[in-house]
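Trainee: take this sequence and fold it.
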Amino acid sequence: MCAYVAGDRAAFSQLFDGLAPRLMSFFRRTVAQQAVAEDMLQATFLRVHAARESYRMGAPLRPWLFTIAARVRIDELRRRYRLPASADAEELERIADSESSPDPGESIDQSARDLSVRRAIDRLPASQRTVVHLHRFEGMTFGEIGQVLGAKEGAVRIRAFRAYATLREQLKPLVQEQEP
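Mentor: Numbering: from 1, shown residues only. As a prediction, this is how the structure comes out:
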């Protein structure tokens, strides 16, 4: 990112290649349509380009980038459902939950266990699913997730606690199968 901010155009390609798959995964957990997720990805990188001068050199990149992505996601939900800018996060999450999740069985070579875990994650409320994704798959701390989502760290921890408790309960049969 530092090279891109300094004017290295090739650095953008590296940035995109390295982070686009993660952002796409983030968006696909919100919307089922691949084309909409791709549009959200493109909008995110357009905003990154426009905001590149505001990037604080040396600051962690992923929280900054996912903050932009989270805002794109909220804007898309507001646009899609013609909600006013004043629509609160709870209302947006309720709408995101009504979106059908992508089919977790798209990849033929996925094991049944991976499929079960994916389905369990997809059944979580959108607010919890987002926290799990950023924490487990992106390796962000709860403080960083709070920055991305515009929430307090404590609220993020509560969402994570509830999500992981739900997942433990839903996936208990898988754990029991593994025990000798």
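Trainee: for R56, which non-adjacent residue is spatially closest?
Mentor: Take R56 and drop its neighbours on the chain: the residue closest to it by CB to CB, 6 or more residues apart in numbering is W64, 7.7 Å away. Where you see a C-beta, it was placed from the backbone N, CA and C, and this is true even at glycine.
Trainee: which of the residues in stretch 68-82 are buried?
Mentor: Neighbour counts over stretch 68-82 (16 or more other CB atoms under 10 Å) mark I68, A69, A70, R71, V72, R73, I74, E76, L77, R78 as buried.
Trainee: hang on, the first one packs against R47?
Mentor: Yes - taking CB atoms under 8 Å as the contact criterion, I68 and R47 are neighbours in contact, 5.0 Å apart.
Trainee: report the contact partners of F12.
Mentor: By CB atoms under 8 Å, 6 or more residues apart in numbering, the residues touching F12 are Y4, H49.
Trainee: an error on my part: the question was meant for F27.
Mentor: Per CB under 8 Å, 6+ apart, neighbours of F27: V36, A37, M40, L41, A69, R73.
Trainee: tell me the first helix or strand C-terminal of the one helix or strand it maps to.
Mentor: For F27, the enclosing helix or strand under DSSP states H and E is helix 9-28. Toward the C-terminus, helix 9-28 is succeeded by helix 34-51 as the next helix or strand (DSSP H and E).
Trainee: pipe the buried residues of stretch 68-82 into TSV and attach secondary structure, distance to R129 and pLDDT per row.
Mentor: Converted to TSV, the buried residues of stretch 68-82 look like this (DSSP: H, G, I helix; E, B strand; the rest coil; distance: CB to CB, whole Å; pLDDT from 0 to 100):
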residue	secondary structure	distance to R129	pLDDT
I68	helix	19	91
A69	helix	14	90
A70	helix	13	87
R71	helix	18	86
V72	helix	17	90
R73	helix	12	86
I74	helix	15	80
E76	helix	16	81
L77	helix	14	75
R78	helix	19	74
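Trainee: tell me which helix or strand in this protein has the weakest average pLDDT.
Mentor: helix 89-98 (a mean of 59; mean pLDDT, DSSP states H and E).
Trainee: where's G58 relative to A70, distance?
Mentor: 22 Å (CB to CB, to the nearest Å).
Trainee: where does this structure dip in pLDDT?
Mentor: 81-114, 175-180 (pLDDT under 70).
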